[in-house]
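>>> whatever this is, show me its structure:
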Amino acid sequence: MPIADWFKARDERRYTSIGGGSAQTDVPEGVWSKCDACKRTIYEGELVAANRVCPHCGHHFPLTAMQRIDLMADEGTFVEFDAGLTSVDPLQFCAVKPYADSLDAAQDKTGLNEAIITGRATIGGHDVVIAAMDFRFIGASMGSAVGEKVTRTLEAARAEKRAAVIVTASGGARMQEGILSLMQMAKTSSAVARLGSAGLPYISVLTDPTMGGVTASFAVLADVVFAEPAARIGFAGPLIIEQTIRQKLPRGFQSAESMLQHGMLDGVVPRDELASRVSLVLDYLALASQSGDAS
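Residues are numbered from 1 along each chain as shown. Okay, the predicted model is just below:
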């Protein structure tokens with residue numbers, strides 16, 4: 001290859017700037033990642049091997065919905081359902097751009113029809129119905145389709161006498177669907193109540209961020225609520241709260257560790273321990289259920 005062609009090919013490649021200070025190093029995008037917490041540069045292969053947890057400071061990078069399920073479900077056991085369910089645009093909503101265009105863009109970007117994946121699997125040998133939200137899809141906001149898929153997940157668990165496990169990551173209600181989005185809070189909460197009345201366990205795993213109407217409904221109504229380290233959990237954002245109460249919020253406000261300290265969570269669990277911890281809880285709840293049947 002002539003040297004001129006080599007330089008042209010090099011310039012046309014996609015690069016990401018990494019490093020600190022005045023010195024900058026260009027490396028091909030997708031080879032290295034920069035930790036938002038400690039600012040260290042990490043080889044992508046090392047990050048994948050660590051389940052996308054920074055090996056230097058323990059910062060938990062975001063995961064896709066399918067990565068979440070692969071992390072928790074027993075290998076080869078997951079079977080998706082309701083994959084074709086997707087939102088429509090009932091209000092013909094248009095702000096910066098039409099809602100229909102936002103849906104199309106999110107579907108193209110993620111390869112998903114909606115912001116949540118649902119299905120059946122086993123975790124530690126226990127039959128479960130599992131769901132995981134994907135923040136890449138319009139901030140995993142809860143519109144009618146997301147609310148319907150969560151409700152169907154809980155109803156399937158009740159009908160099939162399985163445990164329900166839901167992993168959340170969401171900015172809250174999907175404003176483009178207005179009141180139809182807000183109605184999903186009551187709808188999903190009612191489904192949780194019906195599952196509980198049937199005596200079946202529900203475990204929720206909150207990841208960064210879990211906010212708004214998702215936090216105010218099904219995400220925190222589980223029998224056992226876990227969260228990943230440093231996950232942001234709350235209803236309104238901290239700036240809105242500070243402007244409302246006219247006070248400076250304490251450091252770490254709305255972090256998973258703060259939520260645990262104030263009794264909102266049952267545990268803050270590192271990512272590589274999540275599957276085993278959920279399995280342990282299901283072991284315990286299965287024994288408790290058997291004891292109850294025997295009595």
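>>> ok, the closest residue in space to Ser87 that isn't next to it in sequence - contacts?
Residue nearest to Ser87 in three dimensions, not counting chain neighbours: Ala145, with 4.3 Å by CB to CB, 6 or more residues apart in numbering. (Each C-beta comes from the backbone N, C-alpha and C, glycine too.) By CB atoms under 8 Å, 6 or more residues apart in numbering, the contact list for Ala145 reads Leu85, Thr86, Ser87, Glu114.
>>> run the last query once more with 10 Å
Contacts for Ala145 (CB atoms under 10 Å, 6 or more residues apart in numbering) come out as 82, 85-88, 103, 113-116, 174, 177, 184.
>>> relative to Arg251, how far out is Ala140?
For Ala140, the distance to Arg251 (CB to CB, to the nearest Å) stands at 26 Å.
>>> would you map the helices across the stretch 151-295 of the chain?
Per DSSP state H, counting those that start in this stretch, the stretch 151-295 of the chain carries helices over the ranges 178-197, 212-215, 238-245, 256-261, 274-294.
>>> most tightly packed of these?
Per residue and on average, the most neighbours among these fall to helix 212-215, with a mean of 25 (mean count of other CB atoms under 10 Å).
>>> in terms of pLDDT, where does the spatially closest residue to Glu257 that is not a sequence neighbour sit?
Spatial nearest neighbour of Glu257, chain neighbours left out: Val268 (5.9 Å); criterion: CB to CB, 6+ apart. If you check Val268, the pLDDT there is 98.
>>> same check on the one 10 residues further on?
We note a pLDDT of 97 for Val278 in this prediction.
>>> how about Ala105?
Reported pLDDT for Ala105: 96.
>>> you'd agree it is in a helix?
Yes. Counting by DSSP: H, G, I helix; E, B strand; the rest coil, Ala105 falls inside a helix.
>>> quick one: it and Val96 touch, right?
No. Counting by CB atoms under 10 Å, Ala105 sits too far from Val96 to count as a contact (11.9 Å).
>>> which of the two has more neighbours?
Legend: neighbour count by other CB atoms under 10 Å for Ala105 and Val96, higher for Ala105 (13 against 6).
>>> wait, what's in contact with that one?
Lys97, Phe137, Ile138.
>>> what's the closest of those to Ala50?
Phe137 (24.9 Å; CB to CB).
>>> now the residue lying closest to the closest one once chain neighbours are set aside: how far from Asp36?
Spatially, and ignoring its direct neighbours in sequence, Phe137 is nearest to Ala115 (3.7 Å; CB to CB, 6+ apart). Using CB to CB, Ala115 is found at 22 Å from Asp36.
>>> so those two - more neighbours on which side?
Shown here are Ala115 and Asp36; by other CB under 10 Å, Ala115 has more neighbours (28 against 11).
>>> need the contact list for that one.
Counting by CB under 10 Å, 6+ apart, Ala115 touches 65, 86-87, 106, 133-143, 145-146, 149, 169-171, 174.
>>> then Ala230?
By CB under 10 Å, 6+ apart, the contact list for Ala230 reads Ala37, Gly58, His59, His60, Asp208, Gly252, Ser255, Ala256, Glu257, Val268.
>>> ranges for the strands of this protein?
Using DSSP state E, the strands of the chain run over 15-18, 25-28, 32-34, 41-43, 79-81, 116-123, 126-133, 163-170, 202-210, 224-227, 267-268.
>>> tell me the most buried of those?
Most buried of those, by mean neighbour count (mean count of other CB under 10 Å): strand 163-170, with a mean of 28.
>>> tell me where the model's unsure across this structure.
The chain contains residues with pLDDT under 70 at 1-29, 288-295.
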